[in-house]
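> Give the three-dimensional model of this entry:
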Amino acid sequence: MPHETIEEQSMLRQVIRDLKPETEQQIDAASRRERLTLLSNASGIDAMELLILIGHASGVQVLHRFEPDVDTTKGLPERFIHSGFLLPIVPPPDTAGKRGTLCLATLWPPDARLKRWAYAVCGGDPEWFLVDPERLMRTISVRFGVGAGSLDASDEIGRPGDENDQEDESAAIIRFVDEIVKQAMRDRATDIHFEPRKDSLQIRYRIDGKLVPVHVPPNLVSFQSAIISRIKIMSRMNISEKRRPQDGRITYGRGHQEVDVRVSTLPTMYGESVSMRLLNEQSQPVSIQELGFLPDDEQRINKVLEMPHGILLITGPTGSGKSTTLAAFMRQIGTPERRIITVEDPIEYEIPQINQTQVNHEIGLSFANALRSVLRQDPDVIMVGEIRDRDTADIAIRASLTGHLVLSTLHTNDAPGAIVRLADMGIEPFLVASSMKMVIAQRLIRRLCPHCAVPDDTSADVVRSCLMTLGIPAAEAADATGLRKPSGCEACSNLGFRGRIGMFELLTISEAIHALIVQRVSAHVIRRQALRESMRSLQQCGWDHVKAGRTALSEIMRYADAGSESADEASVAEVEG
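This is a model prediction of the structure:
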């Protein structure tokens with residue numbers, strides 16, 4: 001036996017010896033798919049490093065890359081692939097097997113039972129290889145559909161004592177729903193949508209703001225009612241009520257990672273549509289720097305956050321990241337020297353050093369009523385999840401005028417529009433002008449995958465045309481030397497993008513804008529003055545990200561019309577300034 005193999009075996013024995021007895025029993029009882037994750041979590045060693053240790057100790061070669069053997073896969077039973085977590089692969093160049101030998105990739109060394117099963121199905125002894133479990137399961141999902149093996153009521157190969165048992169449909173549904181959610185977590189999806197159609201049940205993930213169809217088994221529609229019922233049971237909804245919308249909540253655990261899932265149902269023509277919002281606290285930015293603010297904008301925001309009183313508003317449509325930005329602000333100012341209280345609907349993320357309050361409309365605890373009570377709690381900073389009505393706006397503004405820093409959100413297209421929106425609610429302009437310190441409008445754009453982004457060969461004429469559409473001076477096309485575009489690779493699921501970054505428009509209330517607000521001018525006039533004062537528009541911020549290689553030009557073109565006449569106003573500012 002080679003010396004390195006003896007050394008690897010010794011290291012693996014040391015890892016197992018350090019485990020607690022109950023952890024070792026849990027790993028032994030777990031499925032082959034779960035064992036590596038459990039062992040990695042218990043030992044603190046990276047899963048791939050552990051796989052290499054296990055491979056050397058068991059004599060099974062570990063592959064860092066593999067290519068599925070599509071032709072061989074077609075000839076094997078789906079149950080064999082799903083239950084054993086196996087996949088035929090193209091023989092690696094350095095394989096020791098004979099020509100024509102079947103090569104099987106798996107995620108845990110095969111035991112005697114699995115080897116017998118493989119011999120019976122394949123008609124001979126295959127060559128075994130260990131591969132990264134995440135990539136193996138993703139490849140199987142692409143070929144057969146996410147959760148396809150879960151709907152097979154047969155037992156999993158290799159589990160002790162279950163050879164003749166048949167799992168019932170309810171257990172299969174439980175496995176399927178778990179697999180759909182776990183795959184969404186692996187893909188960094190923020191939402192899962194179950195959408196009944198006439199002859200199918202469509203499932204889609206929202207990844208980096210884009211809806212991506214999920215490849216699912218063809219027989220999924222026959223399980224539609226059971227799948228929806230399972231989700232409703234997990235969310236503690238009334239499964240017999242199918243005529244009215246319902247809301248619920250689930251907490252999912254994956255290793256040391258816990259994900260809060262908000263669930264909503266809506267009756268549709270062919271059944272109940274279910275939307276699941278995944279709230280992963282660990283994936284949220286922990287600092288303002290990670291949000292994508294440019295350095296000078298970051299300095300202006302920090303200055304406002306240090307003020308003892310006033311209002312800072314964040315605006316934008318649903319899904320533009322307003323809550324994420326607020327959470328980052330709260331994390332920064334959440335110190336023992338400041339008493340901070342929030343009023344939210346719902347509480348999405350737990351933030352250290354913050355007192356968080358949940359709105360409850362059933363008992364009359366609205367934003368306005370909760371805000372009145374908060375003011376009696378001696379806060380230094382108040383965060384209101386959203387200003388939805390005049391009462392909430394009026395209390396928030398008066399709180400800012402009486403010595404509190406208030407942070408909140410508002411649904412408007414751009415920063416100047418927030419000023420007009422408050423006036424439309426019935427708030428006196430002089431109160432708005434006196435209390436408002438800053439308005440931030442934002443959108444989220446996809447960040448280029450760092451592994452596969454390639455140079456953008458778009459011609460200078462096309463770039464200039466795009467800049468004119470965005471309301472950016474065409475002369476800036478001369479600086480467009482480092483543009484990049486998406487390509488697609490395994491790391492980004494062939495989307496070309498991975499993660500998102502913000503485009504921001506910061507409106508600071510200067511003396512000139514203060515006077516305009518009191519005069520009840522339109523948002524158009526306020527925007528013009530703000531642009532004269534060097535306000536960077538959403539489109540300009542996006543272009544700065546493009547020049548820095550963070551995103552693609554095609555990505556910011558989707559927001560050419562973001563804001564109130566943004567492009568026209570930017571052009572006006574260029575001419576006048």
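> Residue 498: neighbouring residues, count only.
The tally of other residues near residue 498 (other C-beta atoms under 10 Å) stands at 21. (Each C-beta comes from the backbone N, C-alpha and C, glycine too.)
> which SS class is it?
When classified by DSSP: H, G, I helix; E, B strand; the rest coil, residue 498 comes out as strand.
> What segments of the stretch 201-350 of the chain are helices?
Per DSSP state H, counting those that start in this stretch, the stretch 201-350 of the chain carries helices over the ranges 224-234, 295-305, 322-333.
> Any chance of a markdown table for those, columns mean neighbour count and mean pLDDT?
Output for the helices of the stretch 201-350 of the chain, formatted as a markdown table (neighbours: other C-beta atoms under 10 Å; pLDDT from 0 to 100):
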| stretch | mean neighbour count | mean pLDDT |
| --- | --- | --- |
| helix 224-234 | 19 | 92 |
| helix 295-305 | 15 | 92 |
| helix 322-333 | 21 | 90 |
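> nearest to residue 515, of those?
Among the helices of the stretch 201-350 of the chain, helix 295-305 comes nearest to residue 515, with 20.0 Å by C-beta to C-beta.
> Nearest residue to the middle of the protein?
In the chain, the centroid-proximal residue (C-alpha atoms, centre = their mean) is residue 190; its distance is 3.8 Å.
> what sits against residue 492?
Contact partners of residue 492, counting by C-beta atoms under 8 Å, 6 or more residues apart in numbering, are 449, 451, 452, 498.
> Kindly report the same for residue 121.
For residue 121, the contact set (C-beta under 8 Å, 6+ apart) comprises 76, 77, 80.
> host element of it?
Take DSSP states H and E as the rule and residue 121 turns out to sit in helix 112-122.
> So the closest residue to residue 132 other than its chain neighbours, which state does it fall into?
Nearest residue to residue 132 in three dimensions, chain neighbours excluded: residue 48, at 6.2 Å (C-beta to C-beta, 6 or more residues apart in numbering). Classification of residue 48 using three-state DSSP returns helix.
> Could you double-check that residue 48 sits in contact with residue 134?
No. At 9.4 Å, residue 48 does not count as touching residue 134 under the criterion of C-beta atoms under 8 Å.
> how about the strands in the stretch 401-550 of the chain?
Under the criterion DSSP state E, counting those that start in this stretch, strands of the stretch 401-550 of the chain are mapped to 405-410, 436-448, 454-455, 484-485, 497-508.
> Would you reformat those strands as a markdown table and include mean pLDDT?
As requested, those are arranged in a markdown table below (pLDDT from 0 to 100):
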| stretch | mean pLDDT |
| --- | --- |
| strand 405-410 | 94 |
| strand 436-448 | 94 |
| strand 454-455 | 92 |
| strand 484-485 | 92 |
| strand 497-508 | 92 |
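> Save those as JSON lines, and put in distance to residue 25 too.
As requested, those are exported to JSON lines (distance: least, C-beta to C-beta, whole Å):
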{"stretch": "strand 405-410", "distance to residue 25": "49"}
{"stretch": "strand 436-448", "distance to residue 25": "43"}
{"stretch": "strand 454-455", "distance to residue 25": "50"}
{"stretch": "strand 484-485", "distance to residue 25": "51"}
{"stretch": "strand 497-508", "distance to residue 25": "38"}
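> of all those strands, which lies closest to residue 300?
strand 497-508 (6.0 Å).
> Endpoint to endpoint, stretch 248-260 covers what distance?
End-to-end distance of stretch 248-260: 11 Å, with C-alpha to C-alpha, to the nearest Å as the criterion.
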